[in-house]
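Peer 1: coordinates for the following, if possible.
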Amino acid sequence: MTDTNFPKPGGDFDAGHVPITEEFDSAKRTLPPVAPLAIALLVVVVFVVGVGYIFRSKPIAQGQIDQAFAMQQAENPYSMVLMQVTLRNVGDKPLFIKEIKADIMTDQVESADEAASAVDYARYLQAFPDLQMYATEPLKVETKIAPGGEARGSVMVAFPITKEQFYVRKDLNVTIFPYDQKAIVLHEKGGASAK
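Peer 2: Numbers count the residues shown, from 1 in each chain. Take a look at the predicted model:
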C-alpha cells in the first residue's frame, strides 16, 4: 500500500491528504485574497462618504447683529440693550421663530437673557428713552420667514452690567430658536460698536 499523506501530482488540493507539515492557520489558508478585500473596503468607504455628503447638515439661516446700543438708568445696576438684527432663511423650508435669547461676555461677567416681548417694547422704550431713536420693528416670536426671505428687527434684553462694560464687551450673540430645527446664532459683524 502506498503512502497517501502527500499531495497528489497535478497540484489538486485534497483536504483529506495534506501532509502534517502544512499549517492551516497560515495566511495562505485562512485569509481571502488581498485584492478583492481592498476593493470591497474601497467601495464601503466611497459609499459611506457619499451618504455623509448627501445627508450633511445644511445651514437653514444666516444673519448677524447689525448694531447694538445700551442704556443704563442711574439707580439700576443693569443695562437695557437694543440690537438690530438681520436673519435670512437660506433653507428650502419656511422658518418659524419659536424663541429669541441673547448672551454677552465681558471681562467681569457672562450673562444671558430672553428677549423682551414685542408688546413690552413701548413700556421699555419709555423707561429708556435714549434707545428710542435706535428702535426698529421688534423681531417677533412666531415670525415666519419664507425660503429665500429675510427678517430684520430689534431684539431687546437686559444684562446685569454697566453701560461702560457693555461697550468694552468681548462677545455678544443673539440665538434664534426655530421650531423643529437647530438654533441659529447671530454674531456681531465687525465687533463691538460704541455709542
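Peer 1: what are the ranges of the helices in the chain?
Peer 2: 27-30, 34-54, 121-127, 163-166 (DSSP state H).
Peer 1: and the longest one, how far from the chain's centre?
Peer 2: Which is helix 34-54. Relative to its parent chain, helix 34-54 has a centroid offset of 28 Å by CA atoms, centre = their mean, to the nearest Å.
Peer 1: do the same with the third one
Peer 2: When C-alpha coordinates are averaged (CA atoms, centre = their mean), helix 121-127 and its chain have centres 34 Å apart.
Peer 1: and for the last one?
Peer 2: Here helix 163-166 is found 29 Å from its chain centre; the criterion is CA atoms, centre = their mean.
Peer 1: related to what we said a few turns ago, highest mean neighbour count out of the helices of the chain?
Peer 2: Most buried of the helices of the chain by mean neighbour count (mean count of other CB atoms under 10 Å) is helix 163-166; its value is a mean of 17. No exception for glycine: its C-beta is placed from N, CA and C like everyone else's.
Peer 1: tell me the mean pLDDT for that helix?
Peer 2: The average pLDDT for helix 163-166 rounds to 88.
Peer 1: please apply the same query to stretch 149-157.
Peer 2: Across stretch 149-157, pLDDT averages out at 92.
Peer 1: from residue 134, how far off is the nearest residue to residue 146 once chain neighbours are set aside?
Peer 2: Of all residues not flanking residue 146 in the chain, residue 94 sits nearest, at 5.6 Å (CB to CB, 6 or more residues apart in numbering). Distance from residue 94 to residue 134, counting by CB to CB, to the nearest Å: 29 Å.
Peer 1: contact partners for the residue nearest to residue 146?
Peer 2: Residue 94 sits next to 144-147 when contact means CB atoms under 8 Å, 6 or more residues apart in numbering.
Peer 1: list only buried entries from those.
Peer 2: If you count burial by 16 or more other CB atoms under 10 Å, the buried members of the contacts of residue 94 come out as residue 145.
Peer 1: residue 81 against residue 111, yeah?
Peer 2: No: using CB atoms under 8 Å, residue 81 is not in contact with residue 111, being 10.2 Å away.
Peer 1: who's more crowded, those two?
Peer 2: Per other CB atoms under 10 Å, whichever of residue 81 and residue 111 has more neighbours is residue 81, with 25 against 16.
Peer 1: what's the burial count for the residue nearest to that one when sequence neighbours are not counted?
Peer 2: In space, and not counting its chain neighbours, residue 81 is closest to residue 70: 4.8 Å by CB to CB, 6+ apart. Using other CB under 10 Å, residue 70 has 27 neighbouring residues.
Peer 1: let's have the chain start at 45 instead
Peer 2: Got it, first residue is 45 now, which makes that one residue 114.
Peer 1: thought residue 114 was touching residue 208?
Peer 2: No: in this structure residue 114 lies outside contact range of residue 208 using CB under 8 Å: 9.2 Å.
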